Every structure is written in C-alpha cells, then in structure tokens.
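J.: Can you look at this prediction? I've put the sequence above it.
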Amino acid sequence: MIEKYPKILLNKPNSFAQFTFTKRFPKVLNDVIASNLFSNEVMMQLKKLNQDLSTLSITRLKHPSQETYLWNEFYNLYLNNTLSELPFFEAEVYFYALINQLVNYEEFKQDPFAQVKRNELTNHRDYFKHILEQVAQHKLNLENVIFLSLSGNKADLSQLYQSKNNKLTLLINHIKPLTQQLKKCNSMSVILDNAGTELFTDLIFAHFLIENSLMDQVHLHFKLKPIFVSDALVSDLYSLLDFIEQIGDQKFSLSIKNFIGNGKIVLHEHIFWNAPLPYHQFPVELAGQINKQELLISKGDANYRRFFGDRKIPSHITPNVLVDYLDINTFALRTLKSEIQLGLTTEQLMNLRQSDPEWMVNGNYAVIQSLN
C-alpha cells in the first residue's frame, strides 16, 4: 500500500529536500574538512566532492561483502543517475556512505563527525549536570523521562539551523498508552537517533525504567557506521559515559556500565540501519531480534521516514494502515524536521499551514505517536 504514494525527491523546487542538497550537504562536508582529522589527500577528495555535488553521478561504492545485499536494489534503480535525481532518503544514505568511503572508515574507524560530536557534548555540559542532579535526587517520574527523551531529539547536528525555540508543541500526544505499555512490558527495543544530548536523555529514560523495576531489559539499537552526522554509534555511548565522568558524575556512568555488564541494557549494531532501504524491508534476523521484545520505541526523524518509505503521504492518513508489517507495539518519539507526518486531523493541518508554513521542518513541533 505504501508504494502507491510517490517518494519525496531531492530536486523538488523549494522543498526541504532541495534545501538539504544545496545547503546542508555542503555544510556537512565543510565541517568534516574543518575538523582536520584526515590526511591532505583525503581533504582534497572531500573538497572535490563538495565542488562536484551538483553533477555527482552514482557509482558503485566498495561495500564489504556482508552488506552488498542491502545495496543491490539501490544500484539497480539509480546507478549512473546524478545524486540530485534521487529520492531524498536514498540520496542522503548514499552521500554519507560516500563520505565514509573517502575517509576509509572501514580500515581506520575514524568517525568523520567526531569533532562535531565532541563540541556538542562540551556545549551542553551545564544541561547534563542539571539533569544528573535531578536523577540523583530522584526528582524525575516516568512522564518526565519520556518527555526528556523526546526533547533530546531536537539535538540533530546535521541540521543547518537549530531551532531557537526550546518549547516543543506536541501535535500528537499518546503518552498515556505509552506509559501503560511501559508498565506492563518486561523488555523493549529503542531504535536510537542522535548521539550526544539525545543519547544522554535516552540513557536517562532507560536508567529510570530499570532502576524502578519497570523493565527487565532495554535493547538499544545503534548505527554500525557514521551517518546523518550525529547518529549514535556504540563508540559514542562510551564517549558519552567518559564525558559524564569528567563532569563529576561517576555514579550514573557506573550504573549504566553495570546495566550493560549484567545484560539489563543490551547494545546492538546492525548495518541495515545504514542501508538505503525502508523498514518494511527489515532483514529477517533483525526483525526477529526486535520482535522478541514487547515494545519498540523509534527515535527521531530518519527512523520515522523509513517506516513509511519516505513518501509524500497526506498527513491525515493514519499510520497503522501503512505499517501492518510491524509485529510489535511501536511508538515514535520525534521532533519534526522533514516533510512527512501522519495521523493529524484536517483541522490541525489547516491551522498549521496558516500559522506556521514551516511547521514540518523547523523543529518546533513534536509527536509521541503510536504507529499501530
């Protein structure tokens, strides 16, 4: 049923996708170049990529053998096309895979966005200390940590302009059914989004659930390779815990490490999260892994887009009719930063279009949404 809706295209005039291609992609490359993490030869390749973006043709990248099956469909459809002709999501995934190839991530494991991630941690030092004080004093309840995890999703380092508005307007608020699910489940999976501040708030959420015996296990799903600038890797988790210790909270960091050690927090990484495929094409082994849990929480924008194939779907359509492939109760915690959102009323849509034409992309609106 999803296939009847057209994919969001990168080259649509005056769209957020086109803005990404013409403004955000160059900034991403400029930030990597400015971080000075690589040799002069690599830097020259990155600069050339920046110069050639508008005419860049899709060529077959050097994928490890275990991931080629995830890219076959992409190359069958788009080989020799220009990047600008691609659907938005597929173009983004290819762009970041190309950066990883140019910096030889497979061999050296140097995250091209490491400096940007470190800066984000440093800039939020006071925020971290404030939240950790609340944790230590047991001031947070279940709804607090859910909203904290949601608000953390505003911290997306691939965005050219961060929202200056700290207040989120909830367009859909299914927190009551979510809290009901959390109180009756023993285990859940979280498809993570950003490292840094958002991963920190996700750890606060997981810690609360385990510490208060609401959950026996929390499974955290990380990207295997850098993508979308700030998406979380397992290495980002340990960098975050080191940072938390540096700002003076060894207790929380040790607690998380103990939960990992005793299997209460389980860390997963899979190359599918870096693939140019929608979620109805989950690999069998990954789907089986997720479906063993009783609840799935999806964080952020790119994950939301993948549930619906990143297609131009009318926003009044209810999501459950398009995700019948999901065998597990699924909730999305998402700050809106791209041109897709389902499950709104016609009245909401009319009001939003009149009051804030950029509501889908400016990061001021959010949802806690049951998808099925």
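T.: That came through, no problem.

J.: For the lowest-mean-pLDDT helix or strand in the chain, which helices and strands make contact with it?
T.: Within the chain, no helix or strand scores below helix 284-291, which has a mean of 94 by mean pLDDT, DSSP states H and E. When contacts are defined as 3 or more Cβ pairs under 8 Å, 6 or more residues apart in numbering; DSSP states H and E, helix 284-291 sits against strand 217-223. Quick note: C-beta positions are derived from backbone N, CA and C, even for glycine.

J.: could you give the mean pLDDT of the strand it packs on?
T.: Regarding strand 217-223, the rounded mean pLDDT is 98.

J.: rewinding a little: quick one: residues in contact with the least confident helix or strand of the chain.
T.: With Cβ atoms under 8 Å, 6 or more residues apart in numbering as the contact definition, helix 284-291 has outside contacts at 189, 219, 221, 268, 270, 272, 282, 296, 327, 328.

J.: Just list whatever residues bridge to the fourth one.
T.: This points to residue 268. On the basis of DSSP bridges, residue 268 is bridged to residue 221.

J.: what's near enough to touch it?
T.: Here residue 268 is in contact with 219, 220, 221, 222, 289 (criterion: Cβ under 8 Å, 6+ apart).

J.: 10 Å instead, please
T.: The contact partners of residue 268, taken as Cβ atoms under 10 Å, 6 or more residues apart in numbering, are 189-192, 219-222, 224, 234, 286, 289-290.

J.: One more: residue 54?
T.: Counting by Cβ under 10 Å, 6+ apart, residue 54 makes contact with 21, 22, 82, 83, 84.

J.: out of those, which are buried?
T.: Using 16 or more other Cβ atoms under 10 Å as the burial test, the contacts of residue 54 include 21, 82, 83, 84 as buried.

J.: And those residues, which is closest to residue 121?
T.: Ranked by distance to residue 121 (Cβ to Cβ), the buried ones among the contacts of residue 54 are led by residue 21 at 28.7 Å.

J.: What is the burial count for the closest residue in space to the closest one that isn't next to it in sequence?
T.: Spatial nearest neighbour of residue 21, chain neighbours left out: residue 10 (5.1 Å); criterion: Cβ to Cβ, 6 or more residues apart in numbering. Neighbours of residue 10 under the rule other Cβ atoms under 10 Å: 24.

J.: gap between residue 10 and residue 208?
T.: Counting by Cβ to Cβ, to the nearest Å, the gap from residue 10 to residue 208 is 40 Å.

J.: cool, and residue 307?
T.: 26 Å.

J.: Beyond the helix or strand where residue 117 lies, next helix or strand please.
T.: Element membership of residue 117 [criterion: DSSP states H and E] is helix 114-123. Using DSSP H and E, the helix or strand that follows helix 114-123 in sequence is helix 125-136.

J.: Export only the CA atoms of that next one, formatted as PDB.
T.: In PDB, the C-alpha atoms belonging to helix 125-136 read as follows (Å, rounded to 0.1, in the frame of the first residue of the first chain):
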ATOM      1  CA  ARG A 125      27.900  20.400  29.900                       C
ATOM      2  CA  ASP A 126      25.600  22.500  32.200                       C
ATOM      3  CA  TYR A 127      22.500  20.900  30.900                       C
ATOM      4  CA  PHE A 128      23.900  17.400  31.600                       C
ATOM      5  CA  LYS A 129      24.900  18.400  35.100                       C
ATOM      6  CA  HIS A 130      21.400  19.800  35.800                       C
ATOM      7  CA  ILE A 131      19.700  16.700  34.600                       C
ATOM      8  CA  LEU A 132      22.100  14.400  36.500                       C
ATOM      9  CA  GLU A 133      21.400  16.300  39.700                       C
ATOM     10  CA  GLN A 134      17.700  15.600  39.200                       C
ATOM     11  CA  VAL A 135      18.400  11.900  38.700                       C
ATOM     12  CA  ALA A 136      20.500  11.800  41.800                       C
END
